[in-house]
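A.B. asks: build me a model:
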Amino acid sequence: TNMCGRYYIDTNWLDEIGNVVYSFDIDWKICTEQFQGDILPTNTAPIIEKTEHGLQLSLCKWGFPLQKGKNLVINARAETVLDKPSFSNGIWYHRIVIPASGFYEWNHLREKNTFSRSNASVLYLAGFCDWFDNERRFVILTTAANESMIKVHDRMPLILEKEQMEDWFDNEKMQVILRQEPVMLKRQAEYEQLSLFS
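C.D. replies: Numbering: from 1, shown residues only. Sure, this is the predicted structure:
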């Protein structure tokens with residue numbers, strides 16, 4: 001099943017992004033006003049891409065329409081992405097980073113869990129984009145869940161450290177990053193607070 005099917009951006013993400021990227025392809029004011037709250041597949045969202053001048057914040061739509069009438073492809077598995085012809089162009093030539101404040105995942109009881117970093121305001125999700133009918137679309141890479149995630153889902157987004165941003169755009173280092181285990185995340189669950197007294 002798809003995972004990381006919804007993530008969110010809160011108010012303070014732009015401050016950190018401003019220190020990471022070299023330029024903005026979009027208006028700062030639009031960023032702060034338009035991109036607050038939940039991001040869902042087919043939404044247009046901020047992404048970080050590499051240009052000849054450095055890292056740039058741009059916009060891209062989430063989900064590959066690989067088959068007409070079928071569900072959008074929103075994730076790609078880090079373990080097999082290099083073997084998939086439909087992902088080959090994107091992973092080799094159009095890698096991006098998707099900034100998020102956190103993401104949601106539902107367990108087998110359909111209970112919502114929120115994952116974020118305890119030590120940083122932004123999660124940098126590894127991904128890539130490609131063109132479909134003159135429109136650029138992106139997917140988020142996923143990998144095996146680590147200890148902080150496994151109770152809720154067996155997959156999790158491939159998360160980059162801030163220091164790995166440049167490495168992600170290097171073809172050789174990218175192949176190593178695809179195999180890394182992401183950082184431990186902080187989990188919050190609404191239903192657990194409610195069940196304390198039952």
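
A.B. asks: show me where the protein dips below the pLDDT cut-off.
C.D. replies: Where the chain drops to pLDDT under 70, the residues are 1-4, 26, 28-32, 191-198.

A.B. asks: and if we set it to 80?
C.D. replies: Within the chain, the stretches with pLDDT under 80 are 1-4, 11-15, 18, 23-35, 67-70, 190-198.

A.B. asks: just so I have it, where are all the strands in it?
C.D. replies: 7-9, 23-24, 37-39, 44-51, 54-62, 75-77, 95-100, 102-106, 112-116, 123-132, 135-144, 155-157, 159-160, 186-189 (DSSP state E).

A.B. asks: would CSV of those strands with mean neighbour count be doable?
C.D. replies: C-betas here are computed from N, CA, C, even on glycine. As requested, the strands of the chain are exported to CSV (neighbours: other C-beta atoms under 10 Å):
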stretch, mean neighbour count
strand 7-9, 22
strand 23-24, 14
strand 37-39, 13
strand 44-51, 19
strand 54-62, 18
strand 75-77, 20
strand 95-100, 24
strand 102-106, 19
strand 112-116, 19
strand 123-132, 22
strand 135-144, 21
strand 155-157, 24
strand 159-160, 23
strand 186-189, 14
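
A.B. asks: which one of the ones you listed lies closest to residue 174?
C.D. replies: The closest of those to residue 174 is strand 95-100. By C-beta to C-beta, the value is 6.5 Å.

A.B. asks: pull the residues that contact that closest one.
C.D. replies: 7-9, 13, 17, 39, 45-50, 60, 122-129, 138, 140, 160, 165, 168-169, 174 (C-beta atoms under 8 Å, 6 or more residues apart in numbering).

A.B. asks: distance between that strand and the chain's centre?
C.D. replies: From the chain centre to the centre of strand 95-100 is a distance of 6 Å (C-alpha atoms, centre = their mean, to the nearest Å).

A.B. asks: with only the CA atoms kept, save that strand in CSV.
C.D. replies: Below are the C-alpha coordinates for strand 95-100, written out as CSV (Å, rounded to 0.1, in the frame of the first residue of the first chain):
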residue,chain,number,x,y,z
ARG,A,95,16.2,14.3,-8.1
ILE,A,96,14.6,16.7,-5.7
VAL,A,97,14.1,17.2,-2.0
ILE,A,98,10.6,17.7,-0.6
PRO,A,99,10.6,19.8,2.6
ALA,A,100,7.9,18.9,5.2
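
A.B. asks: got the angle for it vs strand 54-62?
C.D. replies: Between the axes of strand 95-100 and strand 54-62, defined by axes from the mean of the first three to the mean of the last three C-alpha atoms, to 10 degrees, the angle is 70 degrees.
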